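Undergrad: Structure for this input, please:
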Amino acid sequence: MDVRREKSREKLRHALAELLREQSLEQISIEQITDKAGVTRPTFYSNYQSRQDIIIEHVEHWLARRETLFQAFLEDQQTPEPDRLVAFIEHLLNTLSPDDTLLQLALSGRAGEQALQRVTNQNTDFFRRRASRSFNEPPTEDDILLISTFYGSATIGIISGVISGKITQQPADLARQLAAMIYNGIGHRLY
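TA: Here you go, the predicted structure:
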């Protein structure tokens, strides 16, 4: 991709992120995005087919980084299990940026359902692949759906909290806390 085209795409992503702070995706017009980005309507359509495409592209890039981390987690058989999970969570947390408005809004559902659904699908896939290596007997589809929904919702909540600045722990500390909750359950933290 040439530099000019990439700059136009970046302007469009930034403009959409700013607009999404005040309006839902459905309320934002292509004209609003192009005006805020300082580009023409034809420039928009030479880069994207819809507003949702901007968000999907951004989320897909983040999901690809998550996939790489998860694959490394699955392949690492040297590191003991709890330490491996801590490292995976810490690396994941380090991929987050507090100014990533598009990701934050995508995870909250304010940027359209498609982006959030892709994250949910990846969470389910992660759990399914992890479960195939961990359980003594294969979990049922109902088990996978229940557990991946539970952990997926928690994951989205934690990531949103980190991006928004509501969760302020350092990634290493937060990773240890989350791994302990996953392995030990949260009951020991409540009583």
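Undergrad: from here on, contacts and neighbour counts on C-alpha atoms
TA: Will do.
Undergrad: OK, contacts around Ile167?
TA: Applying Cα atoms under 8 Å, 6 or more residues apart in numbering, one finds that Ile167 lies in contact with 158, 161.
Undergrad: Now do the residue nearest to Lys11 when sequence neighbours are not counted: how many residues are near it, please.
TA: In space, Lys11 comes closest to Ala37 once its chain neighbours are excluded; the distance is 5.1 Å by Cα to Cα, 6 or more residues apart in numbering. Other residues lying near Ala37 total 20 when counted by other Cα atoms under 10 Å.
Undergrad: now swap in Arg21 and tell me
TA: Per other Cα under 10 Å, the neighbour tally for Arg21 reads 14.
Undergrad: show me what contacts it?
TA: Thr101.
Undergrad: and it, how far is that from Ile158?
TA: For Arg21, the distance to Ile158 (Cα to Cα, to the nearest Å) stands at 20 Å.
Undergrad: Please point out which parts of the host helix or strand of Ala131 sit buried.
TA: For Ala131, the host element (DSSP states H and E) is helix 113-134. Neighbour counts over helix 113-134 (16 or more other Cα atoms under 10 Å) mark 114-116, 118-120, 122-124, 126-128 as buried.
Undergrad: Name the helix or strand for Glu60, please.
TA: Counting by DSSP H and E, Glu60 is found in helix 51-75.
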